[in-house]
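Colleague: Make a model of this:
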Amino acid sequence: MKIAVLGGGNGSFAAAGDFALQGHDVRLWRRDADAVAAHCRAGSRIAIKDAKGRHDVQLALVTTDIAEAVRGTELILCPAPAFAQHDIAAQLAPHLRDGQVMFLPPATFGSMIFAKAAHDAGNHAAVAFAETGTLPWLTRKHGPFEVAITIRAKRLPVGVFPLKDATRALDVIGRAFPGVVEPCGDALSGALMNAGPIIHPPLIVMNAGPIEHFFERWDIHKEGTQAAIRRVTDALDAERIAVREGFGYGPPHFPLAHHYAKQGEEWMYGRGSHDRLTDSGDWRERIVLTEHRYMREDLRLGLSFLVSAAELAGIETPLAKSFLAIGGAICGEDFMRNGRTLQSLGLGGLDRAGLQALLREGFLR
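Modeller: Alright, predicted model coming up:
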């Protein structure tokens with residue numbers, strides 16, 4: 001299968017390398033011209049390290065030309081951070097073609113950003129947009145063209161926009177991720193599976209003091225994951241699940257508690273994934289409190305979106321609102337005003353029935 005991967009971070013390199021390892025024809029696009037030139041000089045290859053050893057794979061193309069990257073592809077995958085989505089969506093919008101599937105893992109309702117960008121650009125190609133609850137790889141880059149994959153996802157709940165195209169979209173995504181894709185309905189359902197805005201805000205906010213103590217390197221998932229924080233995480237996750245139920249979405253809801261459990265129902269990364277993450281040492285890093293992705297993406301964008309959706313569903317989210325207020329105070333910014341909401345996505349004029357009709361049928365041409 002021909003696959004385009006957009007972005008130059010950990011997830012994009014894991015995706016490009018892993019797809020090439022499976023035998024797919026992979027094109028990697030990124031904006032950094034110097035990095036692309038260096039990658040091309042190095043042979044457009046990626047080294048993957050995983051539990052089975054080291055693998056050296058060849059990409060079909062590494063380019064700064066997004067039209068060239070996506071031309072003729074069946075699947076376009078963009079695991080870039082949510083705060084990069086508007087810019088990438090605007091660049092991609094004119095180049096989408098009938099039959100393509102755009103997959104964002106995860107996305108904070110970014111599927112709507114990409115779909116709306118294409119619609120607003122006058123591109124009415126029959127494209128399906130989808131998102132899931134986590135990045136399909138626990139991964140970190142170990143060098144400019146080398147990536148370590150600690151875990152590959154075992155279960156990926158996927159929501160599709162428009163829902164009427166779900167069968168086709170899930171077939172394409174399933175060929176890239178055989179045996180792990182689980183339909184969860186429309187794109188809002190997929191967005192409300194996102195684990196990042198649940199696990200990361202308590203870690204970054206409740207560990208603010210130790211983080212600003214300027215430890216040279218610190219694993220927030222190890223030293224920062226204490227029993228009190230886990231209790232708060234579970235309570236915040238209960239708000240997410242209540243919002244899902246408020247929109248009428250049924251189980252499985254993939255409660256985050258299963259990520260930490262050593263038995264019971266498998267979570268997205270399977271059992272024992274938290275221990276494997278911390279044992280890898282790849283998340284021991286220097287954290288700048290006000291700049292880290294957990295603050296700027298998962299808290300600022302992820303929780304503002306959750307609160308916005310909750311308001312439409314008539315569900316109270318006191319913990320999510322509290323983390324938005326505290327995180328915003330830490331950064332000197334109004335996270336709810338400047339975050340991601342249904343209003344900021346251009347959907348504020350829709351009531352619940354109108355939003356759900358849009359999710360089913362897509363934009364009118």
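
Colleague: For Gly264, the count of nearby residues, please.
Modeller: Taking other C-beta atoms under 10 Å as the criterion, the count of residues near Gly264 is 9. In short, each C-beta sits where N, CA and C put it, glycine included.

Colleague: Report the contact partners of the closest residue to it other than its chain neighbours.
Modeller: In space, Gly264 comes closest to His258 once its chain neighbours are excluded; the distance is 6.3 Å by C-beta to C-beta, 6 or more residues apart in numbering. Applying C-beta atoms under 8 Å, 6 or more residues apart in numbering, we find His258 in contact with Gly264, Glu265, Glu266, Trp267.

Colleague: Next one: the last one from Leu347, what distance?
Modeller: When distances are taken as C-beta to C-beta, to the nearest Å, Trp267 and Leu347 turn out to be 30 Å apart.

Colleague: Look at these two and report which has more neighbours.
Modeller: With other C-beta under 10 Å as the criterion, Trp267 and Leu347 differ in neighbour count, and Trp267 comes out ahead with 24 against 17.

Colleague: so which strand or helix has the nearest residue to that one once chain neighbours are set aside?
Modeller: Residue nearest to Trp267 in three dimensions, not counting chain neighbours: His258, with 3.9 Å by C-beta to C-beta, 6+ apart. Counting by DSSP states H and E, the element that carries His258 is helix 257-260.

Colleague: Just the buried positions in that helix, please.
Modeller: The neighbour-count check on helix 257-260 (16 or more other C-beta atoms under 10 Å) flags His258, His259, Tyr260 as buried.

Colleague: Closest one to Leu75 out of the residues you listed, please.
Modeller: Proximity of the buried residues of helix 257-260 to Leu75, judged by C-beta to C-beta, is greatest for His259, which lies at 26.5 Å.

Colleague: wait, isn't the closest one in contact with Gly270?
Modeller: No: contact criterion C-beta atoms under 8 Å: His259 and Gly270 do not qualify, at 9.4 Å.

Colleague: which residue ranges form the helices in the stretch 201-350 of the chain?
Modeller: Along the stretch 201-350 of the chain, counting by DSSP state H, counting those that start in this stretch, helices occupy 208-212, 227-246, 257-260, 273-280, 293, 304-313, 318-331, 335-338.

Colleague: nope, the stretch 51-200 of the chain is what I was after
Modeller: Counting by DSSP H, counting those that start in this stretch, one finds helices in the stretch 51-200 of the chain at the ranges 66-70, 85-92, 110-120, 166-176, 187-191, 196-206.

Colleague: that older thread, which among the helices of the stretch 201-350 of the chain is found nearest to Arg31?
Modeller: For those, the distance to Arg31 is smallest for helix 293, at 17.5 Å, taking C-beta to C-beta.

Colleague: Residues touching that closest one, excluding its own?
Modeller: In contact with helix 293 (C-beta under 8 Å, 6+ apart) are residues Pro81.

Colleague: Now with 10 Å, please.
Modeller: For helix 293, the surrounding residues in contact (C-beta atoms under 10 Å, 6 or more residues apart in numbering) are Gly9, Pro81, Ala82, Phe83, Gly196, His200, Ile204, Ile287, Leu299, Arg300.

Colleague: Of these, just say which sits nearest to Ala37.
Modeller: When the contacts of helix 293 are ranked by distance to Ala37 (C-beta to C-beta), Gly9 comes first, at 18.1 Å.

Colleague: Just read off the phi/psi values of the residue lying closest to that closest one once chain neighbours are set aside.
Modeller: Closest residue to Gly9 in three dimensions, ignoring its sequence neighbours and counting by C-beta to C-beta, 6+ apart: Ala80, at 6.6 Å. Backbone torsions of Ala80, given as degrees, to the nearest 10, read phi -70, psi 160.
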